[in-house]
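**Q** Turn this into a model:
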Amino acid sequence: MSINIKIEKFEGPMDLLYRLVEKNKLDIKDIPIAEVTEQYMDYVSSTTVLDMDNVSEFMLMAATLIAIKSKMLLPKSNDNDNSEDPREELVQKLLEYKKYKEASEGFISREEYSKILYKERNDIEKYSTIKRVSAEDVLIDITLKDITEAFARILKVNNIKIDNIRAEFKSVKKDLHTVEQKIDFILQRLGQEKKIEFEELFKYETEKVEKVVTFLALLELIKMRKINIRQDKMFGKIIICEALQSSVEAFHE
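**A** Numbering: from 1, shown residues only. As a prediction, this is how the structure comes out:
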């Protein structure tokens, strides 16, 4: 099944998913997760309307979609036919979002939206109090859109090959990576190497979810002004380096 929809600006990642479902007349309870994930990532990589905080929210949802897609690729065992659908939690959130959307005729406060999408605390909420800063201060001759597009290309490299290999396994190792761990990892590498090529940062990460977590960590480091990202020439390599000065308190208090 192919999903074709021209998408513009949305209130958040759940709003984007809801519109994808509605515009394509999809059954919320039986979402074609692979196609929706691909369309979702196409939007995130091509949009010009996301700011630093929005990108984090959209990429967190991307990690959720990718994790669900990975679980659905696993073969079902005969003795586990009644296992829970990996999409169930997302479906419930979409149904609840639809209820709020219809009740408020599309006018949902950011507080209500946050409660719908994030019912439980997660890694991202740990960083929600970080002072918002302009990406212009830490991005040199490159834009946030350029970085997001570069990351989207990384996710698509060998996509089919990796998914086919994963489908042959009966289980997937639980993802133990957190944004906090990745922040520490990136800062440690920068302490040793001084600078890292953007693509090199994801070189040894085979799982898409881990790549997304690393990207989220990168966004948080940008917010904290702990790193600078530059591109010396058009289509040149994207370089990450430690910021000489930081105006934000250290991540670990």
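
**Q** count of residues packed around residue 220?
**A** Other residues near residue 220 come to 24 when the count uses other Cβ atoms under 10 Å. Every C-beta, even on glycine, is put in place using the N, C-alpha and C of the backbone.

**Q** Pretty sure it sits against residue 179.
**A** Yes - judged on Cβ atoms under 8 Å, residue 220 makes contact with residue 179 at a distance of 6.3 Å.

**Q** Now do the helices in the stretch 51-200 of the chain.
**A** For the stretch 51-200 of the chain, the helices defined by DSSP state H, counting those that start in this stretch occupy 52-73, 88-103, 110-117, 144-156, 159-167, 179-193.

**Q** Out of those, flag the one nearest residue 237.
**A** helix 144-156 (9.8 Å; Cβ to Cβ).

**Q** So which other helices or strands are in contact with the closest one?
**A** Packing contacts for helix 144-156, counted by 3 or more Cβ pairs under 8 Å, 6 or more residues apart in numbering; DSSP states H and E, involve helix 33-46, helix 52-73, helix 208-223, strand 238-242.

**Q** Of the ones you listed, which is nearest residue 142?
**A** Of all those, strand 238-242 comes closest under Cβ to Cβ, at 6.5 Å.

**Q** The closest one vs helix 179-193, what angle?
**A** In terms of direction (axes from the mean of the first three to the mean of the last three Cα atoms, to 10 degrees), strand 238-242 departs from helix 179-193 by 90 degrees.

**Q** contact partners of strand 238-242?
**A** 142, 146-147, 150, 186-187, 190-191, 194-199, 201, 218, 226-232 (Cβ atoms under 8 Å, 6 or more residues apart in numbering).

**Q** Can you point out the buried residues in it?
**A** By neighbour count with 16 or more other Cβ atoms under 10 Å, strand 238-242 contains the buried residues 238-240, 242.

**Q** Direction included, what does that strand pair up with?
**A** The pairing partners recorded for strand 238-242 under DSSP bridges are strand 195-197 (antiparallel), strand 227-231 (antiparallel).
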